[in-house]
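**Student:** Show me the folded form of this:
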Amino acid sequence: MGVWINDLREIEAMKRQPGKDMIVFGSGSIVSQLTQHGLIDELGVRREEGEIAGAQVERRRDLDEHLFRRESGRMVAALTRIFGVHNLALAEDVVQDAFCRALEVWKARGVPENPAAWLMATAKNRALDVVRRERTARTFAPDISRRLETEWTTAAIVDEAFSHAIRDEQLRMMFSCCHPRLPEEAQVALILNILCGFGANEIASAFLTGRAAIEKRISRGKRVLASSKRLFDLADAQFSPRLSAVRRALYLLFNEGYHGAGAESAVRVELCREAMRLTALLSEHPPAAGPETSALAALMSLHAARLPARLDSGGDLSPLVDRDRSRWDSRLVAQGLALLERSAAGPEVTAYHIEAAIAAAHAGAPSVDEADWESIVSLYDRLMAVAPSPVVALNRAIAIARRDGPERGLEEIHAIDGRERLESYPFYPAAMGDLELRRGDREAARQHFAAALALARNPTERRFLEKRTRTCESTSKN
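**Tutor:** Numbering: from 1, shown residues only. Here you go, the predicted structure:
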C-alpha cells in the first residue's frame, strides 16, 4: 500500500499507529524526517520486520529528495505541455502517481539502473491513459488539443512532450510562474512548488511564513496560470521583461538558501542547489544566456563555494574570521570566476555583476585580513548606487570597519538610511556587537549580542549568538 505524506503533523499520527507494511512518499524534508524518526527505512518502506538487501539500500542512497525535486519539475513541465496549464493539478496528480508506483515496484523488483528514465516512462504511459480516457470530457492544451483527438497522433504528441523538448517546457513553466500579475514572493513560491517539488510546509519553513499564507500564494498563482490557458511562449515579445523577473526570482531563491530565515536551519543548501540548477537551465537557452544571466550564475557559484565552511564540524555557524577557507569548493570558485569573466562581454554592469565581483574578491583572499578591503568597499559603493538597500548598506559598513577600523564601521551603521527595516534582522545588532567587541567595549557588545539572540530565527542562529554572548561574558571576567 502506498501512502503520501503531505504534512509534518502526520508524522506524529504515524508514531501512534501500529506498525504495518506500507510504502511512504512525500516531498523533500518529509521523507528525511520520517527516516530520522525511524518510521521508514531508506527505501521509503515502513515494515514490522524484514531487511532490505544491502545492494538495494545502497541504490536508495542516490534516490533522495534531489531526484524527486529534479524529476518532479521535468515531469510536470512535460505533462502541462500536453494537458494545458489549466490542468496543472492533473499533471501534478500524474507525477505523484508515478512516484508512488515507483516505490511499489522498486520495493519488489529493486531500483532500476536509470530511475529517472523509469519515472519518465511511467509518467508518459500514465499521460497516454489520461488522454485516451478523458479526451472527450476535458479540454487539453489549446495548441495541440486537435491532435489529441485521434489515436493516430496522440502517441506522437506525448512522445514529443517527453523528448529533448522537455528543457524548453521547463523554461516555459519558469517564465509562466513569473507572471507580471503575481508579486515576487508568489513567483518564487510557484517555482519552488511546481519546478522544484517543494511542498507548502517546506516553503513556509524556508521563508518563515505560515503554511496558510504559502498555500494562498500558490493557489492564487495557479489560478493566474490557469487563466493564461497555455505556457509562456519563449518567442513572445514580453520575453525580456519576463526574463528580468525570472532572474530576480532565482536570485531570491538562492539568497533564501544562503542567508535563510528557516525555522530549522540558517543554511538551506537544497534551495541554493535548486536555484543554481534552474539558472543553468536558463543559461542553456541562447536568448536568455546573456551577460546578466552569466553574472547571476557567477555570484551563485562563488557563494555556493563557501557553503561548506559556513558551518563548523558541529553544524554551528562560523564567524567570518574563523571560517576554514581550505574547505571552500575550488571547483565552484573556478566556475564562478569563469562565469564572471564571461559576464563582462556586455556593456552593462548590473547588481549581479557587482555582487559576483565582491564574492570573487573574497574568493581570491587567503584570509579575512588579507582581503582587498579597499576594492571591496569600492564595489559596495557601486552596489549602493545601482541597488541601494539597508542590507547592502550594512554589509558596506562591515567592509569599511575592516578597512578603517570598528569606530568607522559603527558610524556607518548608525548612518544607514532606513535602518528601521533591519530591526527584525538578527545580524544587524550582531554586527554592532562584533564591532564593539573589536574596539574593546565588551558590555556594549554583550548587549548587542543579547538583542540579536532575541531575534534568532532558528536553533543554528541561536547557538551561534549564545556563543558570541558567552565570549563577551568570559572575556569581561578575565
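
**Student:** Can you name the residues that contact Met173?
**Tutor:** Gly73, Val76, Ala77, Thr80, Ile194, Leu195, Leu231 (C-beta atoms under 8 Å, 6 or more residues apart in numbering). Just so you know, the C-beta spots here come from the backbone N, C-alpha and C atoms, and that holds for glycine as well.

**Student:** Kindly recompute the last result at 7 Å.
**Tutor:** Ala77, Thr80, Ile194, Leu195, Leu231 (C-beta atoms under 7 Å, 6 or more residues apart in numbering).

**Student:** Identify the residue spatially nearest to the fourth one, adjacent ones excluded.
**Tutor:** Distances taken as C-beta to C-beta, 6 or more residues apart in numbering put Gly73 closest to Leu195, at 3.8 Å, once the chain neighbours are dropped.

**Student:** show me the residues around the one you found that make contact.
**Tutor:** Gly73 neighbours (C-beta under 7 Å, 6+ apart): Gln170, Ile194, Leu195, Cys196, Gly197.

**Student:** now the contacts of Met173 as a markdown table including pLDDT and secondary structure?
**Tutor:** Shown next, in a markdown table, are the contacts of Met173 (pLDDT from 0 to 100; DSSP: H, G, I helix; E, B strand; the rest coil):
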| residue | pLDDT | secondary structure |
| --- | --- | --- |
| Ala77 | 86 | helix |
| Thr80 | 84 | helix |
| Ile194 | 89 | helix |
| Leu195 | 85 | helix |
| Leu231 | 84 | coil |
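
**Student:** quick one: which of these is nearest to Arg220?
**Tutor:** Ile194 (13.6 Å; C-beta to C-beta).

**Student:** Surely that closest one touches Val76?
**Tutor:** Yes. Ile194 is within contact range of Val76, at 5.7 Å (criterion: C-beta atoms under 7 Å).

**Student:** can you tell me the helix or strand for the residue nearest the centre of the chain?
**Tutor:** For the chain, Leu271 is the residue whose C-alpha lies nearest the centre (C-alpha atoms, centre = their mean; 2.0 Å). Here Leu271 sits within helix 269-283, counting by DSSP states H and E.

**Student:** In terms of secondary structure, what does that helix contact?
**Tutor:** When contacts are defined as 3 or more C-beta pairs under 7 Å, 6 or more residues apart in numbering; DSSP states H and E, helix 269-283 packs onto helix 166-177, helix 239-258, helix 291-304.

**Student:** just those helices: most buried one?
**Tutor:** Most buried of the helices and strands packed on helix 269-283, by mean neighbour count (mean count of other C-beta atoms under 10 Å): helix 291-304, with a mean of 25.

**Student:** Following the chain past that one, name the next helix or strand.
**Tutor:** helix 307-310.

**Student:** Run through who's touching that following helix.
**Tutor:** With C-beta under 7 Å, 6+ apart, helix 307-310 has contacts from Val267, Val269, Cys272, Leu317, Ser318, Arg323, Asp324, Arg325, Arg327, Trp328, Asp329.

**Student:** try 10 Å this time
**Tutor:** Helix 307-310 has contacts (C-beta atoms under 10 Å, 6 or more residues apart in numbering) with 257-259, 266-267, 269, 272-273, 303, 316-318, 320, 322-329, 332, 460.

**Student:** What's the first helix or strand after it?
**Tutor:** Next along from helix 307-310, by DSSP H and E: helix 330-343.

**Student:** As CSV, could you dump the C-alpha coordinates of that next one?
**Tutor:** The C-alpha trace of helix 330-343 is given here as CSV (Å, rounded to 0.1, in the frame of the first residue of the first chain):
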residue,chain,number,x,y,z
SER,A,330,37.7,25.1,-5.5
ARG,A,331,35.7,23.7,-8.5
LEU,A,332,32.8,26.1,-7.8
VAL,A,333,35.3,29.0,-7.3
ALA,A,334,36.9,28.3,-10.7
GLN,A,335,33.4,28.0,-12.3
GLY,A,336,32.3,31.3,-10.7
LEU,A,337,35.4,33.2,-11.9
ALA,A,338,35.0,31.8,-15.4
LEU,A,339,31.3,32.9,-15.5
LEU,A,340,32.2,36.3,-14.1
GLU,A,341,34.7,36.8,-16.9
ARG,A,342,32.1,35.7,-19.4
SER,A,343,29.6,38.2,-18.0
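
**Student:** Give me the distance between the residue nearest to the centre of the chain and Leu278.
**Tutor:** 11 Å (C-beta to C-beta, to the nearest Å).
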